[in-house]
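K.L.:
quick check, what structure comes out for this input:
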Amino acid sequence: MRTILYTVLIAFCIAPATGCKKFIDVNNDPNNPTSVQESLILSPVELNVSSVLTGGAGTDGLAAILVNHYMQNVALNQPVPNHGTYLLFNVDLDETWRTIYVKSLNNLKVLNDKATANGNYNYSGIARIMSAFCLGIATDYWGDIPYTEALNGSNKLQPAYDSQESIYKAIQQLLDDGIADINKNALLKPGKDDYFYKGNMDQWKRLAYTLKARYYMHLTKAPGYTALAQADLALTALQNGLQANSDDMKMTYAGGAGNENPYYTDFLPVSTLVLSSACVDTLVTRNDPRLPKLIAKAKQTDQYTGRPIGSVNISGSLNIYSLPGTAVGAASSPVYVFNYSEALFLKAEATLIKSGYAAAEPVYQDAIRSHMTKLGIADADVNTYLNSRGTLTAANALQRIMEEKKIANFFSLENFNDWRRTGYPTLTKVPNATSEIPRRMLYPQVEILSNPQAVQSARITDRVWWDK
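P.N.:
So this is what the prediction gives:
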């Protein structure tokens, strides 16, 4: 794996008054990863994680855009076939792989090694938690991935691939180790270099416990695991998880040139990317009060209008279609990397498995309410919506939990994971599709050429290990 080299990203501008988040890449001696201060490594790595989750920085996070094609949230005003009709090549995933491995996981290892050597356990705790997060993204995209022998610079150019099951065990261990490091109460804490939590280590611990719950719930149908056991583990972890909207893990942006929300740049006219009719019509049909927050009216018509996915008709103007609303798609909108509402939806699903729909209903309602409250929806409108969508039955409980979780996790990669493991929300193959609905990412061409493995022949319709 020639692409996994030590590259330390040095932040040279952390200006709180302007929100400046610029950084440069420099080559670092792989035999001396402790030569850079922890605070200079953390900031750019956090930016990379935000980028890979949103599709920002060009093709760095393309997989995040692909996921939203597969979840039928977005459409391209381009001839078919295109990404929206499942056209995909291995080379399309090269930069996403590099961003996860080179820019993120590799530098998190550097951060962890240095922080551990210096006894700065708050930094090593964050490094472990974020490493678990990145591994989760990678394995959910590709299944089996290199880990045990990876991240060693030039010492292992062709690392072996670890099974997805072993990666999931490593994720849980990293989260446990990250929590343990934070509990050592080291004196040095991050500050402004921590864009997510500003050095609030209690919030980092709550995030770690909630991530544990997320990855427990991914395995409810995995071979050798039971839904009840995974639900129990998730509920136990959530007792120490995110407790309020103020615990949201988010990246903020000032909105100026070079510091825009990646979703804003994803939908610039050059991309021809717009919201799909499936996405827009869902909120319109339900009279969802979040509609004007999450979706903007088309500039030309002042109507909520999405583009049909797979359409052969190319519009002469993108202004007839809706774009993301100000809550998610403005240049200065925050990116919610992980939010409290997801913690509640995880709890609702786990409660459904363990105790049934009646016990899950109040948790489900709290999850919807928490998201609407964050968006500034009036209580009366929240109550009206809950009167319509707040009741669970044995027949609709899982479907409604996942449908509402998708709205609260607007654009999140997690929606693709939820659909694969539950079948909700219900999706049908789009017109002019080149295959059935994808269930994974293709392995990148750069990895196939440098570290060939049998599993790399997987097609986008093949299932990863836990997707049963």
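
K.L.:
other SSEs contacting the strand or helix carrying Leu108?
P.N.:
If you go by DSSP states H and E, Leu108 is part of helix 106-118. Using 3 or more C-beta pairs under 8 Å, 6 or more residues apart in numbering; DSSP states H and E, the elements in contact with helix 106-118 are strand 7-15, helix 38-54, helix 121-142. Glycine gets a C-beta too; all of them are placed from N, C-alpha and C.

K.L.:
could these go into JSON lines alongside distance to Ser246 and mean pLDDT?
P.N.:
Formatted as JSON lines, the helices and strands packed on helix 106-118 follow (distance: least, C-beta to C-beta, whole Å; pLDDT from 0 to 100):
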{"stretch": "strand 7-15", "distance to Ser246": "23", "mean pLDDT": "35"}
{"stretch": "helix 38-54", "distance to Ser246": "18", "mean pLDDT": "92"}
{"stretch": "helix 121-142", "distance to Ser246": "18", "mean pLDDT": "98"}
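
K.L.:
most tightly surrounded among the ones you listed?
P.N.:
helix 121-142 (a mean of 26; mean count of other C-beta atoms under 10 Å).

K.L.:
taking helix 38-54 as reference, get the angle to the helix holding Leu108.
P.N.:
Helix 106-118 runs at 150 degrees relative to helix 38-54, counting by axes from the mean of the first three to the mean of the last three C-alpha atoms, to 10 degrees.

K.L.:
and the helices and strands packed on helix 106-118: which comes nearest Tyr195?
P.N.:
With C-beta to C-beta as the measure, helix 38-54 is the member of the helices and strands packed on helix 106-118 nearest Tyr195 (4.8 Å).

K.L.:
next secondary structure after that closest one?
P.N.:
Downstream of helix 38-54, the next assigned helix or strand under DSSP H and E is helix 62-70.

K.L.:
Gly224: neighbour count?
P.N.:
The number of residues packed near Gly224 is 6, by other C-beta atoms under 10 Å.

K.L.:
which non-adjacent residue is nearest it?
P.N.:
Closest residue to Gly224 apart from its sequence neighbours, by C-beta to C-beta, 6 or more residues apart in numbering: Glu165 at 7.9 Å.

K.L.:
which strand or helix spans the one you found?
P.N.:
Judged by DSSP H and E, Glu165 forms part of helix 164-182.

K.L.:
hmm, who's touching that helix?
P.N.:
121-122, 124-129, 131-132, 135-136, 138-139, 143-145, 147-148, 162, 201, 204-205, 208-209, 211-212, 215, 218-219, 222, 224, 464-466 (C-beta atoms under 8 Å, 6 or more residues apart in numbering).

K.L.:
go again using 7 Å as the cut-off
P.N.:
Contacts of helix 164-182 with the rest of the structure, by C-beta atoms under 7 Å, 6 or more residues apart in numbering, involve 121-122, 124-125, 128-129, 131-132, 135-136, 139, 143-145, 147, 201, 204-205, 208, 211-212, 215, 219, 464-466.

K.L.:
now the angle from that helix to helix 106-118?
P.N.:
Interaxial angle, helix 164-182 versus helix 106-118 (the same axes, to 10 degrees): 40 degrees.

K.L.:
helix or strand right after helix 164-182?
P.N.:
Using DSSP H and E, the first helix or strand after helix 164-182 is helix 201-217.

K.L.:
Phe196 contacts Thr252, doesn't it?
P.N.:
No: using C-beta atoms under 7 Å, Phe196 makes no contact with Thr252, being 9.5 Å away.

K.L.:
mind putting the helices and strands packed on helix 106-118 into a markdown table with distance to Ala278?
P.N.:
Formatted as a markdown table, these follow (distance: least, C-beta to C-beta, whole Å):
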| stretch | distance to Ala278 |
| --- | --- |
| strand 7-15 | 37 |
| helix 38-54 | 20 |
| helix 121-142 | 22 |
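
K.L.:
so which of those gets nearest Asn432?
P.N.:
Nearest of these (C-beta to C-beta): helix 121-142, 24.5 Å.

K.L.:
tell me the angle of that closest one relative to helix 164-182?
P.N.:
Going by the same axes, to 10 degrees, helix 121-142 makes 160 degrees with helix 164-182.

K.L.:
quick one: the helix or strand following helix 121-142 to chain centroid distance?
P.N.:
The helix or strand immediately downstream of helix 121-142 is strand 145-146, counting by DSSP H and E. The chain centre lies 19 Å from the centre of strand 145-146; the measure is C-alpha atoms, centre = their mean, to the nearest Å.

K.L.:
pull up the pairing partners for strand 145-146, direction included.
P.N.:
Here strand 145-146 is paired, per DSSP bridges, with strand 161-162 (antiparallel).

K.L.:
pLDDT of the strand it pairs with, averaged?
P.N.:
Strand 161-162 carries an average pLDDT of 98.

K.L.:
list the helices and strands the helix or strand harbouring Leu228 packs on?
P.N.:
According to DSSP H and E, Leu228 maps onto helix 227-238. Helix 227-238 sits against helix 201-217, helix 340-355, with contacts defined as 3 or more C-beta pairs under 7 Å, 6 or more residues apart in numbering; DSSP states H and E.

K.L.:
in the chain, which segments are predicted with low confidence?
P.N.:
For the chain, applying pLDDT under 70 flags the ranges 1-35, 56-59, 154.

K.L.:
kindly recompute the last result at 50.
P.N.:
1-34 (pLDDT under 50).

K.L.:
circling back to that earlier point, and the helix holding Leu228, which residues are buried?
P.N.:
Residues 227, 230-231, 233-235, 237-238 are the ones in helix 227-238 that count as buried (16 or more other C-beta atoms under 10 Å).
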